[in-house]
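> Quick one, what's the 3D model for this:
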Amino acid sequence: MSIPPVPDTSGSVTRRVRVIGIGAGDPDYVTAQAVAALNSVDVFFAMDKGDAKDDLVALRREVCERFIDEPRYRFVELADPPRARDGDYHQAVADWHAARADVWARALTDELGEDGVGAFLAWGDPSLYD
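This is a model prediction of the structure:
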């Protein structure tokens, strides 16, 4: 199974970004569709949340090493912006999300070629996330 590129009708070159579901966090749960998507990626992006959560990045790397046939990809770790712990909780989360979006936008521009395919690896149920 191959993942076809998204057609660009404008004639210009476009970056493509995939969010690839990798199951519940165990590499044994990765689907064939996810494996095909993994093998189409040039640059994987992961948020570095510090030493206490190094295993989150390590698991993503393990999935790539296990399932990608030709390791031509790069892995880019992005520093997770700090989240304010005082004041209005909802505003602090909104500000943190905006700061993360800025980090991601810069990384996509700086780290991914104009015709490249980038990806974020996600596991679990997104409805349960913060």
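> Confirm Asp95 sits in a helix?
Yes: counting by DSSP: H, G, I helix; E, B strand; the rest coil, Asp95 is part of a helix.
> Please name the residues that touch the closest residue to it other than its chain neighbours.
Leaving aside its chain neighbours, Asp95 sits nearest to Ala84 (6.7 Å; criterion: CB to CB, 6 or more residues apart in numbering). Bear in mind the C-beta positions are built from the backbone N, C-alpha and C, glycine included. Contacts for Ala84 were tallied using CB atoms under 8 Å, 6 or more residues apart in numbering; they are Ala92, Asp95, Trp96.
> Was I right to think the first one contacts Arg85?
This means Ala92. Yes: using CB atoms under 8 Å, Ala92 is in contact with Arg85, at 7.3 Å.
> Can you find the helix or strand in the protein with the smallest mean pLDDT?
Here the helix or strand of the chain ranked lowest by mean pLDDT, DSSP states H and E is helix 54-67, holding a mean of 88.
> coming back round to it: compare neighbour counts for Ala92 and Arg85 and give me the winner.
The residue with more neighbours, out of Ala92 and Arg85, is Ala92; 14 against 7, by other CB atoms under 10 Å.
> is it fair to say that one lies in a strand?
No: per three-state DSSP, Ala92 lies outside any strand segment and is helix.
> For the strand or helix carrying Val103, which outside residues touch it?
Taking DSSP states H and E as the criterion, Val103 maps to helix 89-111. For helix 89-111, contacts defined as CB under 8 Å, 6+ apart pick out 15, 17, 43, 45, 47, 74, 76, 78-86, 118, 130.
> Of these, just the buried ones, ChimeraX syntax please.
Only the buried members of the contacts of helix 89-111 enter the following ChimeraX selection, criterion being 16 or more other CB atoms under 10 Å:
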select :17,43,45,47,76,78,80,118
